[in-house]
Each structure stands twice: as structure tokens, then as C-alpha cells.
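Trainee: predicted coordinates and the sequence they were generated for:
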Amino acid sequence: MSSTPASLPQEKTLLIVYHSMTDGTRQMAEAARDGALREPGIQVRLLRAHEAQPEDVLSADGYIFATPENLAAVSGQMKDFFDRCYYPALERINARPYLTLICAGSDGSNAARQIARIATGWRLKQVAEPLIICTHAQTPEAILAPKRIASDDLEACGALGESLASGLVLGVF
Ligand SMILES: Cc1cc2nc3c(=O)[nH]c(=O)nc-3n(C[C@H](O)[C@H](O)[C@H](O)COP(=O)(O)O)c2cc1C
């Protein structure tokens, strides 16, 4: 007997949008992707902020926003992503789940707060507290140097990606 593809549950899509200047956020976003892919039945799209378009936001079932904190704010390219996509997606993605990853030198709280405000406007549902990883770079040289995120921090990013993916697949959000 053949199976009926029409009766299979539709695959869920997780969209991860990130920007990274010195590579820390990229490692976090990729770890979250790898964690999400441990969940069967999820499709993960990992896009740099400048690539992500309103259609990408509309066609996803859940989101991870990953950004550096620069000058006490989300990075310029992440802000540009939100500026371009906010109104095209407004009222069309209500109640979808999301979470936030921040790579910061020593703080990260303002970038997390900004994303929370934007996500509130979008009426998204936050499914975990923002994960802020600090690189402890203090001098200009250290701030501009490539970053290496510790493996336990990457595991935390992966665990968050996996839990968001499994919640999407199970339909618990
Ligand atoms: C122009 C600039 C401004 C920054 N401002 C902040 C800040 O306000 N708070 C903070 O915690 N870190 C700040 N940082 C440090 C970055 O958040 C940190 O280097 C982080 O690793 C950047 O992420 P990335 O490696 O993905 O680019 C700043 C870095 C730059 C280059």
C-alpha cells in the first residue's frame, strides 16, 4: 500500500537572521541552526541580515534573531533588516515564536531590549529569555579582533535552536 503524502504534516520552517562583524554572532547563529537540525521535520533557513527579505519573514513559522550589540544597540545591518521587513510583515506573523541571541563585549541588554520591542510590535511570542554571550573584549584591538565563542556557549545556542525547532514541529507554541 502506498502512503498518502497529502496526509503528512507540513514541514515547519525556522528562519535565523543574523549579522556579525567579527564572527562571534555567526558562530552562535550556526550553532543554533545545527541544534535545530537535530529535530527531524524542521527546515532551517540561515540568512545574513542584508539578504533577508519580507517574504522570508512571512514564509517562516518561527524565528531566531542574532545580532552583536554595537553602540548599545542592535547592529546597523540588523536594524536595516527590521526597518525593511517591519511593515510588510506587520499583522501577518502574529503569535509566531521567536528567540534572540546577542553577542556583546560586556553588556548586550540594550540590543536584547530593542529586539523585544520590535517583536512585541510584530506580536511574536518569545519562547526563551534572550541568550547574551559576552566576549569580554575591552580594548579597540580586542573589539576589532575575530571572536571565538566557547564551546559551552555554542552548546547553549544549539540547545535553544533545538528546543524552538521541536516546539515548532510539535505545535506547542
Ligand atoms: C562599534 C562597536 C560598538 C560596540 N558597542 C558595544 C556595546 O555597546 N556593548 C557591548 O556589550 N559590546 C559592544 N561592542 C562589542 C561587540 O558587541 C563584540 O565585539 C561582539 O563580539 C560583536 O559581535 P560579532 O563578533 O558577531 O561582530 C561594540 C563593538 C563595536 C565594533
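Mentor: Great, that's in hand.
Trainee: report the rounded mean pLDDT for the top helix by length along the chain.
Mentor: In the chain, taking DSSP state H as the definition, the longest helix is helix 151-170. Averaging pLDDT along helix 151-170 yields 98.
Trainee: starting at the chain centroid, how far to it?
Mentor: How far helix 151-170 lies from its chain's middle: 11 Å, per CA atoms, centre = their mean, to the nearest Å.
Trainee: what of stretch 165-173?
Mentor: Relative to its chain's centre, stretch 165-173 lies at 16 Å (CA atoms, centre = their mean).
Trainee: output that stretch as PDB, nothing but the C-alphas.
Mentor: Backbone C-alpha positions of stretch 165-173 (Å, rounded to 0.1, in the frame of the first residue of the first chain) are rendered in PDB as follows:
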ATOM      1  CA  ALA A 165      12.600  23.600  16.400                       C
ATOM      2  CA  SER A 166      11.000  20.800  18.400                       C
ATOM      3  CA  GLY A 167       8.300  23.100  19.700                       C
ATOM      4  CA  LEU A 168       7.500  24.200  16.100                       C
ATOM      5  CA  VAL A 169       7.300  20.600  14.900                       C
ATOM      6  CA  LEU A 170       5.200  19.500  17.900                       C
ATOM      7  CA  GLY A 171       3.000  22.600  17.500                       C
ATOM      8  CA  VAL A 172       3.200  23.500  21.200                       C
ATOM      9  CA  PHE A 173       3.700  27.300  20.800                       C
END
